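Chemist: Quick one, fold the following:
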Amino acid sequence: MRLRAHVVVSGLVQGVCFRYATEKEAGRRGVAGWVRNLPEGRVEAVFEGEEERVEGMISFCRTGPPGARVDGVLVRREAPSGAYQGFSIRY
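Modeler: Got it, this is the predicted structure:
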């Protein structure tokens, strides 16, 4: 089953390569979507793909890369849109 998840991560998640690590992990898992920094210091991402792979990305976000401190992860699961062909960092 395919799934789309909209995720917002809070904590020390900017300036610690969170976006780059997320892009690499999504590529490894074959998940489409995007990730970006938000002005107030959080990171926002959309993951779309097979349910197990998307759930793996959510789990990744709960820890993040070395140097990150994740205080919270808000997740909204949605129907997949099929709009993403790959994974990108948005600026």
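
Chemist: got a list of contacts for the host helix or strand of residue 47?
Modeler: For residue 47, the enclosing helix or strand under DSSP states H and E is strand 43-50. Here strand 43-50 makes contact (C-beta atoms under 8 Å, 6 or more residues apart in numbering) with 1-9, 13-14, 18-19, 22, 26, 29-38, 54, 57-58, 61, 80-84. Where C-beta positions appear, they are placed from N, C-alpha and C, glycine not excepted.

Chemist: Drop anything exposed from the residues you listed.
Modeler: 3-5, 7-9, 13-14, 18-19, 22, 26, 29, 31-35, 37, 54, 57-58, 61, 80, 84 (16 or more other C-beta atoms under 10 Å).

Chemist: Keep only those of those residues that are in helices.
Modeler: 18, 19, 22, 26, 29, 54, 57, 58, 61 (DSSP state H).

Chemist: Return the residues in contact with the third one.
Modeler: What it means is residue 22. Here residue 22 is in contact with 35, 43, 45, 57, 60, 61 (criterion: C-beta under 8 Å, 6+ apart).
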